[in-house]
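dropping a prediction and its sequence here:
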Amino acid sequence: MIKSMTAFANSETELTMLRLNCELRSVNHRYGDISVKLPEKLRFAEANIRQIISKKIKRGKIECSLSFKKTQDNNQQIIINQQAINAILQITAEIEQQMDNPRSFSALDLLMLPNVQTEADYDQKILKQAINELIEAAVKKLLIARQREGEQLAQMIEQRCLQLQTFIIAANKRLPEVLKQLRYKITARIKELQIEVDFDRLEQELVFLSQKMDVDEEIDRLKTHSEEVLRLLKQNEPVGRRLDFLMQEMNREANTLGSKSGDKEMTQIAIELKVLIEQMREQVQNIE
């Protein structure tokens, strides 16, 4: 199924004393581009996070943001840095000897100083496993959101592609009339001028002009490209780049159709084709 590159998902999990949250944002991008925002304590997991995302998502700019919040736990273990305390007390005693009225400080004051107390480190193996499961859950939600939006994009593109095919049919029906009108205008002009004509030369010129104004090949290519668009919309692989290429090719053919025909109705058909192609191209930019 077609997948959009624009989506959002988040997921959360809870460990002992810790709640992890992951947010994934996805927008359109020509290639696959993954950026990861992590707290310093979780920096060790970055390579793994990139690997999990890149396996599932091939195209788009992905922003992954991972955060954590400590939860209340009465059994939380506090580690005291006894070496730091001894050093602080020793330095404090030396300084106090040089002071006239030294002020005493409490144990609580001492505990508030940097590096005196630390929390027990989390088991990195357990934390890594939890992060992996969290990212996989978030990616799964993101893929569902991308697919849901992709289905809507596919419907809009299919609808416009079918409209485009009706104009292609109209252009194909109009083509013989264009050539007929060309012959009529030239012969009418000759009669109006009342001049003698070399009919062999006239036929040659008419053939030359007919070939110059013939848009049969452009119409055939537009038909082929539109059929390929409808086929790609049913694929189960990333097709955004191929669709984008087809939009460029169809726009080129529509431009040629409008410039070569020299017919008012055919020019109007070319304009309608270009409008539909541009509408499809805007939607294609969001397809993986």
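Okay, I see it.

gap between the nearest residue to residue 12 once chain neighbours are set aside and residue 45?
Spatial nearest neighbour of residue 12, excluding adjacent residues (Cβ to Cβ, 6 or more residues apart in numbering): residue 21 at 4.9 Å. For every residue, glycine as well, the C-beta is placed using N, CA and C. Here residue 21 is placed at a distance of 14 Å from residue 45 (Cβ to Cβ, to the nearest Å).

joint contacts of those two?
Between them, residue 21 and residue 45 share these contacting residues under Cβ atoms under 8 Å, 6 or more residues apart in numbering: residue 66.

quick one: the residue nearest to residue 12 is in a strand?
Yes - counting by DSSP: H, G, I helix; E, B strand; the rest coil, one finds residue 21 located in a strand.

by mean pLDDT, flag the weakest helix or strand of this protein.
The least trusted helix or strand in the chain, going by mean pLDDT, DSSP states H and E, turns out to be helix 199-213, with a mean of 57.

C-terminal to it, what's the next element?
helix 216-232 (DSSP states H and E).

packing partners for the host helix or strand of residue 53?
Assigned by DSSP H and E, residue 53 belongs to helix 46-56. Applying 3 or more Cβ pairs under 8 Å, 6 or more residues apart in numbering; DSSP states H and E, we find helix 46-56 packed against strand 32-37, strand 60-70, helix 124-193.

ok, which of these comes nearest residue 287?
Closest approach to residue 287 among the helices and strands packed on helix 46-56 is made by helix 124-193 (6.0 Å; Cβ to Cβ).

any idea how far that closest one is from the chain center?
Counting by Cα atoms, centre = their mean, to the nearest Å, helix 124-193 is centred 17 Å from the centre of its parent chain.

stretch 268-282 too?
Using Cα atoms, centre = their mean, the offset of stretch 268-282 from its chain centre is 22 Å.

ok, and what's touching that stretch?
157, 160-161, 163-164, 167-168, 170-171, 174, 222, 229, 244, 247, 250-251, 254-255, 257-258, 261.

distance check, the closest residue to residue 14 other than its chain neighbours against residue 17.
Leaving aside its sequence neighbours, residue 14 sits nearest to residue 71 (Cβ to Cβ, 6+ apart; 7.0 Å). Going from residue 71 to residue 17 by Cβ to Cβ gives 6 Å.

surely residue 126 is in contact with residue 15?
Yes - shown here, residue 126 and residue 15 form a contact pair, counting by Cβ atoms under 8 Å, at 7.1 Å.

neighbour count winner among these two?
Taking other Cβ atoms under 10 Å, residue 126 and residue 15 do not tie; residue 15 has more neighbours (16 against 11).
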